[in-house]
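Novice: quick check, what structure comes out for this input:
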Amino acid sequence: MALLGAKIVTAEGNVAANVPAVTEDEAAKIQAMVVQAYTMRQNLAGATVLEVARRIIRDRADGSWQSAIREFVHRNSFVPEDRRDIFERAVIAGFAGDRVLLAHLAIPQIEHLLRVIFRDAELLITTMTAEGVQEERDLNRLLTDEGAKSVLGKTC
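Specialist: The predicted structure follows:
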């Protein structure tokens, strides 16, 4: 129980539950604690299952998983043709456990991919300063644009 009220926030920044202060309703406090414990257990269980699966795939002696990733990436129309090798290296690095390389390779590619999708949907991906300099809109601004919801769906 919290002496002061608190908010339980998910990794995505969403409020999962409010923990009322001591003077408020006991049932609401218990419910908030249950939600917090459940969320933590679900996250731990999901992470554990994914890690075990990643290790099983990575430890295959014949390396067929790398060929499968290569084929998946190179046949995927979602991945721009000129960036398929980078995507492939990123996914293989992730399965191999190199999260730093995965992040350094994948994040810029995903940002580029989103910009291509938004440009093709005729959303504004650049702005013009008062001095006449064209600047790219940052990813936060792109994803919060009303048009992003129609392109990516209501989950964004």
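Novice: and residue 37, how many neighbours?
Specialist: Taking other CB atoms under 10 Å as the neighbour definition, residue 37 ends up with a count of 10. Heads up, the C-betas are built off the backbone N, CA and C, glycines and all.
Novice: doesn't it belong to a strand?
Specialist: No. The secondary structure assignment for residue 37 gives helix rather than a strand, going by DSSP: H, G, I helix; E, B strand; the rest coil.
Novice: do you know how far it is from residue 18?
Specialist: The spacing between residue 37 and residue 18, counted by CB to CB, to the nearest Å, is 15 Å.
Novice: just the mean pLDDT for the helix or strand harbouring residue 47, thanks.
Specialist: Using DSSP states H and E, residue 47 falls within helix 26-58. Along helix 26-58, the predicted confidence averages to a pLDDT of 83.
Novice: check the offset of it from the chain's centre.
Specialist: Centre-to-centre, helix 26-58 and its host chain are 17 Å apart (CA atoms, centre = their mean, to the nearest Å).
Novice: and that helix, what does it pack against?
Specialist: The elements that helix 26-58 packs onto, with contact taken as 3 or more CB pairs under 8 Å, 6 or more residues apart in numbering; DSSP states H and E, are strand 6-9, strand 15-19, helix 84-96.
Novice: next structured bit after whichever strand or helix holds residue 107?
Specialist: Per DSSP H and E, residue 107 falls inside helix 99-120. Downstream of helix 99-120, the first helix or strand assigned by DSSP H and E is strand 126-128.
Novice: output the contacting helices and strands for the helix or strand following that following strand.
Specialist: Sequence-wise, the next helix or strand downstream of strand 126-128 (DSSP H and E) is strand 134-136. Packed against strand 134-136, as judged by 3+ CB pairs under 8 Å, 6+ apart, are the following elements: strand 126-128.
Novice: alright, calling it a day.
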